[in-house]
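Colleague: Starting from these lines, generate the structure:
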Amino acid sequence: MSKPMEVHDADFEQTVLKSKSPVLVDFWAPWCHPCRMIAPILDELAEEYSGKVSVARMDVDQNPNTASKYGIMSIPTLLLFKNGEPASHIVGFRPKDELKRTIDTAIK
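Modeller: The predicted model follows:
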């Protein structure tokens, strides 16, 4: 069963930017209610896209450097990285079908 992986400032480049497959990164914080609402959806997406897209989570409070580098001002923010570059940017809670459409469009 695939689950979202935790990424940190120290391993972001290796885990996300150098990944051969697209990586959907959830920038979140434990105190953020919409972040907690989207977490089960991301668990499902990690399972459904296993082998095609990796799903990662980054706590912005513990990893301010990466969040700052990508201009994360509101959470949750989801960035889909493809070939080391952000290919898609989603801010706020979104329903699963909208997230799937965004992922599908970006990975084609």
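
Colleague: The residue nearest the centre of the chain is in what secondary structure piece?
Modeller: Centroid-nearest residue in the chain, with CA atoms, centre = their mean: Val25, separated by 1.6 Å. Using DSSP states H and E, Val25 maps to strand 23-28.

Colleague: starting at the chain centroid, how far to that strand?
Modeller: With CA atoms, centre = their mean, to the nearest Å as the basis, strand 23-28 stands 2 Å off its chain's centre.

Colleague: The helix or strand that it is followed by - contacts with which helices or strands?
Modeller: Sequence-wise, the next helix or strand downstream of strand 23-28 (DSSP H and E) is helix 33-48. If you count contacts as 3 or more CB pairs under 8 Å, 6 or more residues apart in numbering; DSSP states H and E, helix 33-48 packs onto strand 23-28, strand 54-59, helix 96-107. From N, CA and C alone the C-beta is placed, and that goes for glycine too.

Colleague: quick revisit: partner strands of the strand holding Val25, with direction?
Modeller: Here strand 23-28 has these sheet partners by DSSP bridges: strand 54-59 (parallel), strand 77-82 (antiparallel).
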